[in-house]
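Enquirer: Structure of the sequence below:
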Amino acid sequence: MKKNFTMGLILTFMVLGLAPLAFAVEKSVAPVTASMPTHTTATATPQVTSVEGTVVSIDMLSSTPTLKLTLASGQLSSVQLDRLATTVWKGSQPIGLTQLTAGQKVKVRCKAKNGKQIANSIEIK
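Expert: Predicted coordinates:
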C-alpha cells in the first residue's frame, strides 16, 4: 500500500512539473525577422582627393594640427592632419610629420570628414 501511494505521489509531481512545459509550447512567438532589415545598406565611402602645392606652414601644437599650402593657382589651402593616421613619405621612405618644413613641394591625399579635409598621406616631391 505504501508502494502505491509513493508511486502515485511521484507521478503527481511529474505531471505537475511537466505541465508548464505543455503551456509554454502553446504560446505564440512573434517572428524574429520582423525587426531585421531586409536589405543591406551601402555606406558611402569618402572620396579621396589630392592637392599639390608648397608648404607655407605646419601647426603641430594646436589640438587640430593643420598644414597650410599654396596651390599652383596661388590659392591658400589648409588641410587637417591626424597625428596617428597621416603618413609622410619622402621617396619610398616614411618619415615623421615633424620633418615637414615650409617651402617643400608636396602632394597631399585627403578625405572629407565632417566638412573638413583630413590628410591621409603626404608625399614630399
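
Enquirer: can you map out the helices along the chain?
Expert: Listed from the start of the chain, the chain has helices (DSSP state H) covering 2-26.

Enquirer: which intervals of it have sub-threshold pLDDT?
Expert: The chain contains residues with pLDDT under 70 at 1-5, 7-9, 11-46.

Enquirer: Show me it divided up by domain.
Expert: 2-34, 48-124 (automatic domain parsing).

Enquirer: Mind putting those domains into TSV with mean neighbour count?
Expert: All C-beta spots, glycine's among them, are computed from the backbone N, C-alpha and C. What follows is the domains of the chain, written out as TSV (neighbours: other CB atoms under 10 Å):
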stretch	mean neighbour count
domain 2-34	8
domain 48-124	14
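
Enquirer: The longest strand belonging to the chain: partners in the sheet, and parallel or antiparallel?
Expert: When secondary structure is assigned using DSSP state E, the longest strand within the chain turns out to be strand 48-59. Taking DSSP bridges as the criterion, strand 48-59 forms sheet pairs with strand 66-71 (antiparallel), strand 105-113 (antiparallel).

Enquirer: First-to-last residue distance for stretch 102-122?
Expert: For stretch 102-122, the first-to-last residue distance is 14 Å (CA to CA, to the nearest Å).

Enquirer: Perfect, that will be all.
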